[in-house]
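Fold the following for me, if possible:
(chains A and B)
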Amino acid sequence: MTVTVRTLKDSVDHEVELKGWMYNRRGSGKLLFLQVRDGTGIVQVVVNKKDVPEPVFETAKRIGIESSIIVRGRVTKDDRSALGVELQCSDLSVIQEVHDYPIQITEDVPNIDKLLDKRHLWIRSRVPNAILRVRSEVVQAIRDFYYQRGYVLFDAPMFTPASCEGSSTLFEVPYFDATAYLSQSGQLYGEAGALAFGKVVVFGPTFRAEKSKTRRHLTEFWMVEPEVAFLELDGVMDLAEQQIQYVVGRALERCAEELKVLERDTAILQQVSKPFPRISHAEAQVVLAKLKAEFAASGNEELQKLSNDILKSGPDADLGAADETVIGMHFKQCVMIHRYPRHVKAFYMKGDPADPTKALCVDVIAPEGVGEIVGGSQREDSLDELLKQIEHHKVPMESVEWFVDLRRYGSVPHGGFGMGVERCVQWITGCQHVREAIPFPRTIYRLNP
RNA sequence: UCCGCUGUAGCUCAAUGGUAGAGCAUUCGACUGUUAAUCGACAGGUUGCUGGUUCGAGUCCAGCCAGCGGAGCCA
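Residues are numbered from 1 along each chain as shown, chains lettered A, B, ... in the order given. This next block holds a predicted model:
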């Protein structure tokens, strides 16, 4: 019977066949311990010299890391093994013998660039393997969340005629005799979908040519963007909160093994089930000013340094990276900041009727230094206001003419948000860099492998 | 685009301007319960590139290249 490591516990005392790769070997002259991985986990295979034919023992002793093998033997319970069970080898055959595998089995990630050159092999190792399994669960949880709530999956195009937000730098692509741009957001198309289906979700890759070199940026990343007709700002915040709670909850529930491999302290993740604090940008300024003063007087060198970076862009500006970090430190859970100054936000966001200088928008800040994982808003639904904003933000009218149509024919209040999948996975897994949260990361200086 | 940092063996890192070294990995050997096994041995180098200063440069200087972290921008 062919089995997998994940379900090996069900086969105790049975003769089984396991197909996989040798992950590591320890042992002595007459007893070998092969760590064998099969993609679902790692099991210790015990090769006892007196239990196998001489050539089998010699093979087990000789083959190098990542040799592909088929092992046959009996599954036994053993508390000394991390898995709880072991495989007592009776036979072993080699599919391909390897002796020069270029990656070492090591716990730390010292030079990520060299490992990323070997990303196609590195993903076999425990830590990246666990992170990508969490990513898989996160993506499935997102799909389930929206499917269960009756959202229509609405795919937006990757080739677009022009910028949707006007601010980010776009990748240009030759498109026959014209120039196309890779999509940086499916949102405008999501709005068309919301007016057609009521509730839609756009889910796919997005591309940004920002020359950012930080642990939070990729040039290609996945974004989930729900868009809902008749949903106003409070509803957008409710939806974002529920979706994050669902996704993190699923990861905690179904990825316990992976989070253990990653040595993730899940205490802060558990906090996600509580309501997220909701503060306005103006209220955030007050909190930040107070923390700035506290940190400056703390006597702690690091905090004093951080203090200098708090609110450095001024009171009427967007929050900086330090501001987000500090907010996360202060609340120790996800925080929603709403009603930013309108002039720092995109043209399609609706002004606050109570204060037209503010936008009806919300960012969700994840704790532990991850920063913004969600940005959303109620959209401008008035034709006249939208035309004014388009002119003010200097958005080329010819490329958004179709979008303006949405305000001419049955416009309604509506809203939505976008969540970066990799940042979400980065937070859940606690990995240092967002590029570890995607199989083959694309950054400003990396297009390979 | 700007600011800062790094580049030495396959990997991680040492080396006051004076003989380039260690641990891990590889290879060989020992070991019947190892958990990143341990122990012994062999092997492994145009110190990112180009030029300069010097009796002498891995080390100091200049330029270039590659990468990392951050700012801005953003998810």
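
May I ask which helix or strand encompasses the nearest residue to residue A:66 once chain neighbours are set aside?
Nearest residue to residue A:66, sequence neighbours excluded (CB to CB, 6 or more residues apart in numbering): residue A:101, at 4.4 Å. All C-beta spots, glycine's among them, are computed from the backbone N, C-alpha and C. For residue A:101, there is no host helix or strand (DSSP states H and E).

do you know how far residue A:101 is from RNA strand B?
7 Å (CB to the nearest atom of the strand, to the nearest Å).

Could you pull up the residues touching that residue?
A:64-66, A:121 (CB atoms under 8 Å, 6 or more residues apart in numbering).

let's go with 10 Å and repeat that
Listed by CB atoms under 10 Å, 6 or more residues apart in numbering, the contact set of residue A:101 reads A:21-22, A:64-67, A:118, A:121, A:124.

Which of the residues you listed fall in strands?
A:21-22 (DSSP state E).

mind listing what's buried in stretch A:402-410?
If you call a residue buried by 16 or more other CB atoms under 10 Å, then stretch A:402-410 has these buried ones: A:403, A:406-407.

Just the ones of these in strands?
Checked against DSSP E, the buried residues of stretch A:402-410 include nothing in strands.

Run through the residues that contact the residue nearest to residue A:265 when sequence neighbours are not counted.
Of all residues not flanking residue A:265 in the chain, residue A:430 sits nearest, at 7.4 Å (CB to CB, 6+ apart). Applying CB under 10 Å, 6+ apart, we find residue A:430 in contact with A:131, A:259, A:262-266, A:268-269, A:368, A:370.

picking up where we left off before, pick out whichever of the buried residues of stretch A:402-410 sits closest to residue A:235.
residue A:406 (18.8 Å; CB to CB).

shouldn't the closest one be in contact with residue A:414?
Yes: if you go by CB atoms under 10 Å, residue A:406 and residue A:414 touch, sitting 9.1 Å apart.

Going along the chain, name the strands of the stretch 151-300 of chain A.
Along the stretch 151-300 of chain A, the stretches classed as strands by DSSP state E, counting those that start in this stretch are A:152-153, A:159-160, A:172-175, A:178-182, A:199-207, A:220-229, A:278-280.

Ok, the stretch 301-449 of chain A next?
A:335-338, A:351-352, A:355-359, A:361-366, A:371-378, A:414-420.

Now tell me what touches the second one from outside.
If I follow you right, that is strand A:351-352. A:233, A:280, A:338-340, A:342, A:345, A:357-361, A:378, A:380, A:382, A:385, A:388-389.

which of the contacts of residue A:430 lies closest to residue A:426?
Taking CB to CB as the measure, residue A:370 is the one of the contacts of residue A:430 closest to residue A:426, at 5.9 Å.

State the distance from the nearest residue to the closest one once chain neighbours are set aside to residue A:334.
Among residues not flanking residue A:370 along the chain, residue A:427 sits closest, at 4.3 Å (CB to CB, 6+ apart). To residue A:334, residue A:427 is 9 Å away according to CB to CB, to the nearest Å.

Spit out the residues that contact those two alike.
In contact with both residue A:427 and residue A:334: A:244, A:248, A:268, A:272, A:328, A:366-367, A:370, A:373, using CB under 10 Å, 6+ apart.

any idea where the helices of chain A begin and end?
Using DSSP state H, the helices of chain A run over A:54-62, A:112-117, A:119-122, A:126-148, A:187-197, A:233-254, A:256-261, A:267-270, A:281-296, A:301-309, A:321-331, A:383-392, A:397-408, A:421-429.

Looking at the stretch 151-300 of chain A, what residue ends up closest to RNA strand B?
RNA strand B sits closest to residue A:212 of the stretch 151-300 of chain A, with a gap of 3.0 Å, by CB to the nearest atom of the strand.

Could you verify my assumption that that residue touches residue A:444?
Yes: the pair residue A:212 / residue A:444 is scored as a contact, 7.1 Å apart, by CB under 10 Å.

okay, and the common contacts of those two?
In contact with both residue A:212 and residue A:444: A:218-219, using CB under 10 Å, 6+ apart.

low-scoring pLDDT stretches of chain A, where are they?
A:105-111, A:163-168 (pLDDT under 70).

Would you map out the domains in it?
Following automatic domain parsing, one finds the domains of chain A at A:2-96, A:120-277+A:333-437.

Which stretch among those is buried most, on average?
With neighbours taken as mean count of other CB atoms under 10 Å, those reach their highest mean count in domain A:120-277+A:333-437, at a mean of 19.

can you give me the offset of it from its chain's centre?
Centroid displacement of domain A:120-277+A:333-437 relative to its chain, using CA atoms, centre = their mean, to the nearest Å, is 12 Å.

Could you give the separation between the terminal residues of that domain?
Domain A:120-277+A:333-437 has an end-to-end distance of 14 Å (criterion: CA to CA, to the nearest Å).

Which residues of the stretch 151-300 of chain A lie near RNA strand B?
Contacts of the stretch 151-300 of chain A with RNA strand B, taken as CB under 7 Å from any atom of the strand, map to A:165, A:167-168, A:185, A:208, A:210-219, A:221, A:223.

Please name the residues that touch the nearest residue to residue A:293 once chain neighbours are set aside.
In space, and not counting its chain neighbours, residue A:293 is closest to residue A:307: 8.0 Å by CB to CB, 6+ apart. Applying CB under 10 Å, 6+ apart, one finds that residue A:307 lies in contact with A:291-298, A:300, A:322, A:326.

Give the buried subset of these as a ChimeraX selection command.
Buried members of the contacts of residue A:307, defined by 16+ other CB under 10 Å, are picked up in ChimeraX with:
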select /A:291,292,295,322,326
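
now the contacts of residue A:307 as TSV including distance to residue A:159?
Formatted as TSV, those follow (distance: CB to CB, whole Å):
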residue	distance to residue A:159
A:291	44
A:292	45
A:293	50
A:294	50
A:295	47
A:296	50
A:297	54
A:298	51
A:300	51
A:322	37
A:326	40
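
Out of the contacts of residue A:307, which comes closest to residue A:239?
Taking CB to CB as the measure, residue A:239 sits nearest to residue A:326 out of the contacts of residue A:307, at 26.4 Å.
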